[in-house]
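J.: sequence and computational prediction follow.
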Amino acid sequence: MNTGNTAFILICSALVFLMTPGLAFFYGGLARRKNVVNTMMACTMVMGISVLLWVVCGYSLSFSGNNGGIIGNFDWSFFKNVGMDAGPYSSTIPNLAFAGFQMMFAMITAALITGSVVGRMNTKALFLFIVLWSFAVYYPLAHMVWGAGGFLSSIGSVDFAGGNVVHISSGISGLVLALMLGRRRGYEHVKYRVHNIPFVLLGAGLLWFGWFGFNAGSALAADGLAAHAFMTTAVSAAAALLSWMLIEFLADGKPTLVGASTGLVVGLVAITPGAGFVPIWAAIIIGLLVSPICYYGTRFIKQKLNIDDALDAFGCHGIGGIWGGIATGLFAQTSINSAARWNGLVFGDWHLFAAQLAGIAISIVVAAVGTYVCASIVKLIVPLRVTIKDEMIGLDLTQQGENAYPSFNGLD
Amino acid sequence: MNTGNTAFILICSALVFLMTPGLAFFYGGLARRKNVVNTMMACTMVMGISVLLWVVCGYSLSFSGNNGGIIGNFDWSFFKNVGMDAGPYSSTIPNLAFAGFQMMFAMITAALITGSVVGRMNTKALFLFIVLWSFAVYYPLAHMVWGAGGFLSSIGSVDFAGGNVVHISSGISGLVLALMLGRRRGYEHVKYRVHNIPFVLLGAGLLWFGWFGFNAGSALAADGLAAHAFMTTAVSAAAALLSWMLIEFLADGKPTLVGASTGLVVGLVAITPGAGFVPIWAAIIIGLLVSPICYYGTRFIKQKLNIDDALDAFGCHGIGGIWGGIATGLFAQTSINSAARWNGLVFGDWHLFAAQLAGIAISIVVAAVGTYVCASIVKLIVPLRVTIKDEMIGLDLTQQGENAYPSFNGLD
Amino acid sequence: MNTGNTAFILICSALVFLMTPGLAFFYGGLARRKNVVNTMMACTMVMGISVLLWVVCGYSLSFSGNNGGIIGNFDWSFFKNVGMDAGPYSSTIPNLAFAGFQMMFAMITAALITGSVVGRMNTKALFLFIVLWSFAVYYPLAHMVWGAGGFLSSIGSVDFAGGNVVHISSGISGLVLALMLGRRRGYEHVKYRVHNIPFVLLGAGLLWFGWFGFNAGSALAADGLAAHAFMTTAVSAAAALLSWMLIEFLADGKPTLVGASTGLVVGLVAITPGAGFVPIWAAIIIGLLVSPICYYGTRFIKQKLNIDDALDAFGCHGIGGIWGGIATGLFAQTSINSAARWNGLVFGDWHLFAAQLAGIAISIVVAAVGTYVCASIVKLIVPLRVTIKDEMIGLDLTQQGENAYPSFNGLD
Amino acid sequence: MLLRVEAIVRDEKYEDVKAALDAIGVNGFTVSQVMGCGIQKGYAEKVRGSEFDVVMQPKIKFDIVVSSREWAQKTMETIRSAAKTDEVGDGKIFVSEILEVMRIRTGETGYDAINEPEE
Amino acid sequence: MLLRVEAIVRDEKYEDVKAALDAIGVNGFTVSQVMGCGIQKGYAEKVRGSEFDVVMQPKIKFDIVVSSREWAQKTMETIRSAAKTDEVGDGKIFVSEILEVMRIRTGETGYDAINEPEE
Amino acid sequence: MLLRVEAIVRDEKYEDVKAALDAIGVNGFTVSQVMGCGIQKGYAEKVRGSEFDVVMQPKIKFDIVVSSREWAQKTMETIRSAAKTDEVGDGKIFVSEILEVMRIRTGETGYDAINEPEE
Ligand SMILES: Nc1ncnc2c1ncn2[C@@H]1O[C@H](COP(=O)(O)OP(=O)(O)O)[C@@H](O)[C@H]1O
Ligand SMILES: Nc1ncnc2c1ncn2[C@@H]1O[C@H](COP(=O)(O)OP(=O)(O)O)[C@@H](O)[C@H]1O
Ligand SMILES: Nc1ncnc2c1ncn2[C@@H]1O[C@H](COP(=O)(O)OP(=O)(O)O)[C@@H](O)[C@H]1O
């Protein structure tokens, strides 16, 4: 047990926690004014669900034991045998600290999904969906990637801080859900303007702040690897921020703040799987390229495929996460982190690259099938979508009975 | 001296610091639009007062020496003899780090009170009140509970992170002040709508974030106990968030974001005294129950007793803190933390339970009498309340000469 | 290598990072409603530029090698040879962690400048300016003050956390830029009202929070000196907050929230150079005095000199930083930190005081000349200022093509 | 005769005026936030020690369409007594003619459109 | 004859009304956010378990100045069919006379000021 | 004769129009924020690469009640010269009749209600 490492992981857990409220602002700012409260509520209720389920049996299913490389067991339910001593995943920090750190990942992943469904999903259905999805998608994926004996780690696929588990899984789940829900009424001609741009920046700023805990903390120690992941995180975000600005500058000379905020977020997404594997120069490349990939990807999905991935949970996290997983297969170096068994493709070895592609493909399948099944079950209980009238009035008033800012165009 | 523990406590101090700006947003969001600046100003000026007084003699009165178990002495005034070496309260961190951590508790406690008085209290009177109250209520209580030789600790009452000192004391003080001030003009028929719901969530998010430092940091080391307190904190907040949503769902099918935010805050309040004493399963129970207790408690106070506890400082912190203190007496286990001399009532020993009740009762008396005396003195100097005209125009313009958002219904 | 210190510096880096988004809110809140996005964009794009340049060669030029005490070399470009092991500046943390911590300082410094130019500067010109300025002003100054063999450190001038490098340099650069740009159209008769006061407080709160990392982290270890710097930081901010309130109270009986927020920020500025050198009682004096100095200084610049230092980057950071540097020369004690070669003037030794004055003077010259040269170069490529029409319409729409809150006076 | 009574009152008188209108049984009204200036020239605001004139004051505008001169008179008097403070800036009431009214829900026009059926 | 058609409609009908006005080729209009009450008395909102009446409902006001009675009629009908839900609170349409119009850009007055040249 | 001059102008012309009205000594006016569309059809906004039409433009509405045709004329000309940019979207001025005015503070009506006593 090491106090420095324990201090680091506990504080990093708090930082990762803050990403979910941060996301509520990132998403809430992007939403229409009549759907702000509802959008933020989605992230907020996830905070409750994810933490409670984690203690009940989520942590156990993800990290205790191993059933066929797919899922854990119930031995750590209600944190039985999870205590102040070190656990199997790190000898220098309390098992409880590891549990707390991982808990925050489960939270932010579920919260990310909600970006795809804003403006039309029934709050009750979303609540049920998140509960089922945690069991069907998150705990299995977390186990496969990070659990002892997990299938994906056994084939040599690596994921430093959650490219597959967090970003691909949430992005794909959001996409499937958006498809099942259908487009918002009037998607073709209504203009979805960002209702509060400062909130978008606030969210992006808190996300970046928390992401330092997310990526550096994934070293599970306050050591050189943590510092390395810290630095790759910063530089990828910065590079993506600038390359998004550049795209917009070339398009019409006016780089936007929403664009810059989006750019930094996709830069963070893309570096996540490789933060502790790729060299710092590669992080610059990963960041510079993720913005054009997501910019054109988002456009393609929304305008060509006509899928209403409302706040781009898939466009940013899904696509960015896939690129990050591939990039890890390109640029990883065993000399940086021996948890990778092979060097990346640019160093002449194709093994890791192949493993990464396999890992990505399996993550996509798990998330897509799991989401489809869960949403189909929910549909038997409550309708997934609100009525057209409620959608027009806005989800704030019809789902939460609240108005985000009643005295701004009204009166105090 | 241990760098891991020192790093942990310094960062936790920063986290606890952030709770006061967070509270300014929690309260400010709940306030009416014409009283936003004034509400936030109350928290802001507390930041100045509490820190300065702490250095002048607050820390000394709370933690240096012991006079009859009630109060300390002046030996550490102006931080004389408080230095870079370890102090008497922890051998592994600098005395200055302990002083800084405790300073943030004094700050947030005073800030919490201000929630009861919004919309009608004279800023000058509030300023004076906070100064006097620090001496009459906070330093004595902090000494009694945490100081060497303090009376409440000597009878065996425990308070891990401030159930008595922070929450009961602020809640009761707020209640007494609200009673002395009287209700806002038109309390019976005016509708007090929340002016900015996203700000309420921002505040709640920052409070939760900071609370990890508050509770985990109270272990005064980056160890297993800190990790335990971290986890009880998270799960109690999550459970309370969900149970508040459930109450509202049962009432009218529309869980609100203000409700979910309030729920998580009372969950944090309730676990505070027991965070490092109760098992994790008990934290779930504590959290699940605190929401109904505060929900109906708040209603009873405002609607039945007709007390204008404006933003529910008593309804949330007072009631939640009392429940937390009782729950600690029910569920504490000496095996988790030997600072508790006995197990809780559910494990068959009534000693701790009795000590907790005594501790709560004494805290209530100290806070109530202290507040009454301080406010009575202030009344001799300046009126506690603003004039009716100023109240109608709003405290922002009449107390601060400012308008929170002049260009939203006006023009830039 | 020490995990406690590494944990501390990595987390402090994250805290300092958060200051830049915080500043975006501090500045954005103070801006007019039509210039909010543009003001925030300035801080946001700096996040991208500063991080990327730092990795490319900024860190190297600041901290690798030494050319005449003025600037470093290119040996650490692209973080070549900057790795997980300790570097020359601290034996207990990875060189990468030190690099990350220092990177955040480069970021916030550049962001601070932008406060002087809001409402009229071309975004493209600002972008180019920040790039050039980093080379012409920041890296040289950082090297001179903190680099091995740096000229200012060799004459014995001290700067604990960046009085010269961060505050004087940004303040002076802002002033020169404001002079070169000229006043906003209608400066004499238009009323610049603060568009969103809660945002100002949010920014100030995040700045204070981050500043704990800024000043305490500058000890480069989680030790007693860090705790000391933590405490001087808190008390100076608190004292300045209160003294600013007092000035306003005496002026017209209405202390404002913008004033209190400004006060705490200048308190933080003033303690920065001396945080780890001056005793705690001196921090109170430094804080109490900085508010009147900046209050009247700001007034003098804007009303007497008629310089449109729009959001007071010079008035607060320049003037506050100069006062802080002088105060360090007055109150420093070698017994607190032996990095100071002599005691301050109040203890009877004039050497440090003289060195401080020299350091301040040289910093002013470097910043002023560097800014003038950089802005003159930029002017050859793009105009520094937007057109009058664009200025009237607002920079949000004309520079970013965005409207911060389109649905508040418009419709969703 | 259909008339529109339009009153510009102080911000802080909003609740009083609303209550007064409710009390006399007005059938409906529409309210909006405006800024105004008149004889009252605003106040001076200080930001960091620099003084600014704030000339435009926030006001509330009430629009009430009524179906007779008597009602217009009654409405004006009611508003006046609720909104008066005797200090400069109390506001103005304007009366103008409306040619036609329609209730969107039912398509009723004229008198019926603005009066409740049971009356 | 210049007439002003002023319609107060439900918040959520804004887009539908706008589209309907575009469809009939109205030359321009001005929109603002208002609060209203009438027969519809609002809803009850709960904050932490305490219930409050929210009497004033957000509404949208459309102002369209037209140059003939026929256009006024057509505009009213268009708005009515787009804004109708048949539930209390659908709003009202008021018509009043305008004496003069001027297009600021050109200084044109009367009919020309509100109709596009090519018409 | 009491007349209301109502001008819808560009957002960014607010300060200029206000200054111009002050300069000719108008006794008071009321301002509000509106959205408008006319010949000017807005601009295209891009959010993350997807383009949206923003048809409604923010405008400022000035309401000035004056007590004679001459003042109405003078007010219109003043506003026009301050608000003109010669580009589409400059806005419109509407004039209509007011039957009655009352100053809430004093109860004065007619001419006296909108003119300062010393005039
Ligand atoms: N001529 C006018 N036209 C339109 N609105 C006016 C006019 N005169 C005054 N107002 C409105 O009435 C408000 C109060 O007017 P003011 O002259 O300040 O006070 P008082 O009516 O008490 O003398 C102003 O803020 C403005 O909104
Ligand atoms: N007499 C009136 N004067 C001005 N506005 C009115 C009047 N009556 C109704 N309104 C406006 O019309 C809206 C709808 O009116 P309401 O009576 O609730 O519904 P309905 O017209 O369907 O019976 C109100 O919210 C208010 O804004
Ligand atoms: N018929 C109308 N009724 C009401 N408002 C109108 C009308 N036509 C134009 N407006 C208002 O005038 C503004 C400017 O009109 P527009 O036709 O775009 O420009 P211009 O007057 O320069 O030709 C619009 O945004 C709208 O607010």
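T.: It's in. Ligands and ions are numbered 1, 2, ... in the order given.
J.: from here on, just use CA atoms for contacts and neighbour counts.
T.: Noted.
J.: how far does the longest helix along chain A sit from its chain's centre?
T.: Identified as the longest helix of chain A according to DSSP state H is helix A:351-381. Put simply, helix A:351-381 sits 14 Å off its chain's centre (CA atoms, centre = their mean, to the nearest Å).
J.: from the contact counts, what lies against that helix?
T.: Packing partners of helix A:351-381 (3 or more CA pairs under 8 Å, 6 or more residues apart in numbering or on different chains; DSSP states H and E): helix A:123-133, helix A:169-181, helix A:319-331.
J.: tell me the most buried of these?
T.: Most buried of the helices and strands packed on helix A:351-381, by mean neighbour count (mean count of other CA atoms under 10 Å in any protein chain shown): helix A:319-331, with a mean of 29.
J.: orientation of that one relative to helix A:351-381 in degrees?
T.: On the basis of axes from the mean of the first three to the mean of the last three CA atoms, to 10 degrees, helix A:319-331 is oriented at 160 degrees to helix A:351-381.
J.: packing partners of helix A:319-331?
T.: Helix A:319-331 packs on helix A:257-271, helix A:280-299, helix A:351-381, going by 3+ CA pairs under 8 Å, 6+ apart.
J.: with just CA atoms, put that helix into CSV.
T.: The C-alpha coordinates for helix A:319-331 follow below in CSV (Å, rounded to 0.1, in the frame of the first residue of the first chain):
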residue,chain,number,x,y,z
ILE,A,319,-16.2,7.5,-34.2
GLY,A,320,-13.5,9.2,-32.1
GLY,A,321,-13.2,6.0,-30.0
ILE,A,322,-12.8,3.8,-33.0
TRP,A,323,-10.1,6.0,-34.5
GLY,A,324,-8.4,6.0,-31.1
GLY,A,325,-8.4,2.2,-30.9
ILE,A,326,-7.0,2.0,-34.4
ALA,A,327,-4.4,4.6,-33.7
THR,A,328,-3.3,2.7,-30.6
GLY,A,329,-2.7,-0.2,-32.9
LEU,A,330,-0.6,2.0,-35.1
PHE,A,331,1.5,3.9,-32.6
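J.: what does it contact?
T.: For helix A:319-331, contacts defined as CA atoms under 8 Å, 6 or more residues apart in numbering or on different chains pick out A:159, A:163-164, A:167-168, A:171, A:266-267, A:269-274, A:277-279, A:282, A:286, A:290, A:293-294, A:297, A:343-347, A:352-357, A:360.
J.: again, but for stretch D:63-72
T.: The contact list for stretch D:63-72 (CA under 8 Å, 6+ apart) reads D:1-7, D:28-31, D:95, D:111, D:114.
J.: could you list the buried residues of that stretch?
T.: D:63-67, D:71-72 (16 or more other CA atoms under 10 Å in any protein chain shown).
J.: before we move on, the earlier item: got the buried residues for the helix or strand following the longest helix of chain A?
T.: Next helix or strand after helix A:351-381 toward the C-terminus (DSSP states H and E): helix A:388-393. Buried residues in helix A:388-393, counting neighbours by 16+ other CA under 10 Å, are found at A:390-393.
J.: thinking again about what came up before, keep only those of the buried residues of stretch D:63-72 that are in strands.
T.: Among the buried residues of stretch D:63-72, the ones falling in strands (DSSP state E) are D:63-66.
J.: JSON lines for these, including pLDDT?
T.: Shown next, in JSON lines, are these (pLDDT from 0 to 100):
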{"residue": "D:Asp63", "pLDDT": "96"}
{"residue": "D:Ile64", "pLDDT": "96"}
{"residue": "D:Val65", "pLDDT": "96"}
{"residue": "D:Val66", "pLDDT": "94"}
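J.: in a strand, D:Gly36, correct?
T.: Yes. The assignment for D:Gly36 (DSSP: H, G, I helix; E, B strand; the rest coil) places it in a strand.
J.: give me the pLDDT for it.
T.: pLDDT, the model's per-residue confidence, is 90 for D:Gly36.
J.: for the one 5 residues further on, same thing?
T.: According to the model's per-residue confidence, D:Lys41 sits at a pLDDT of 59.
J.: do a quick rundown of the strands in the stretch 1-150 of chain A.
T.: Counting by DSSP state E, counting those that start in this stretch, the stretch 1-150 of chain A has strands at residues A:86-87, A:90-94.
J.: with respect to E:Ala20, which of those lies nearest?
T.: Nearest to E:Ala20, of all the strands of the stretch 1-150 of chain A, is strand A:90-94, at 64.8 Å by CA to CA.
J.: strands paired with that closest one, and their directions?
T.: The strands beside strand A:90-94 in its sheet (DSSP bridges) come out as strand A:86-87 (antiparallel).
J.: circling back to that earlier point, can you point out the buried residues in the longest helix of chain A?
T.: For helix A:351-381, using 16+ other CA under 10 Å, the buried residues are A:351-360, A:363-368, A:370-375, A:378.
J.: buried residues, stretch A:395-405. List them.
T.: Buried residues in stretch A:395-405 (16+ other CA under 10 Å): A:395-405.
J.: give the contact list for the nearest residue to D:Lys92 once chain neighbours are set aside.
T.: What sits nearest to D:Lys92 in space, not counting adjacent residues and going by CA to CA, 6 or more residues apart in numbering or on different chains, is F:Arg103, at 4.6 Å. Contacts for F:Arg103 (CA under 8 Å, 6+ apart) come out as D:90-93, F:109, F:113-114.
J.: point out the least confident member of those, please.
T.: If you rank the contacts of F:Arg103 by pLDDT, F:Ile114 sits at the bottom with 84.
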